[in-house]
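Please work out how this folds:
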Amino acid sequence: MAAPHKYLKEVVKEGKRVRWPNRETLWPAIAVVIWISVFAALFLVLEDLAASSIISQLQSAFGG
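You can find the predicted model right below:
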């Protein structure tokens with residue numbers, strides 16, 4: 001049962017080695033992630049609406 005304790009100890013050790021960003025670097029990165037997520041969501045919604053429209057037109061054209 002020493003393995004989980006050793007693993008957690010190593011995780012903490014690696015966490016202390018990480019160079020964490022400061023606030024001046026972090027906020028623009030968060031803004032970029034949010035904007036990309038919003039853009040991707042809007043793109044997928046528009047793509048879904050277009051596909052739905054095409055499928056409904058095909059169904060009506062072929063008597064579905």
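
drop to CA atoms for contacts and neighbour counts, all remaining ones
Will do.

what kind of secondary structure is Val38 in?
helix (DSSP: H, G, I helix; E, B strand; the rest coil).

give me the number of residues near Ser56?
13 (other CA atoms under 10 Å).

er, Ala51 I mean
12.

and the gap between it and Ala41?
Counting by CA to CA, to the nearest Å, the gap from Ala51 to Ala41 is 15 Å.

In this structure, where is pLDDT below threshold?
Across the chain, the ranges flagged by pLDDT under 70 are 1-2, 64.

Closest to the geometric centre of it, which residue is that? Let me know.
Ser37 (6.7 Å; CA atoms, centre = their mean).

Break down the chain into its helices, ranges please.
2-17, 23-61 (DSSP state H).

Please determine how far Lys3 is located from Ala41.
No, residue 3 isn't Lys; it's Ala. Computed as CA to CA, the Ala3 to Ala41 distance reads 42 Å.

who has more neighbours, these two?
Ala41 (12 against 8).

I'd like to know how far the more buried one sits from Ile34.
For Ala41, the distance to Ile34 - CA to CA - is 10 Å.

Would you report the backbone torsion angles of Phe62?
Backbone torsions for Phe62, taken as degrees, to the nearest 10, come to phi -110, psi 20.

Count the neighbours of it for me.
The local packing of Phe62 (other CA under 10 Å) involves 8 other residues.
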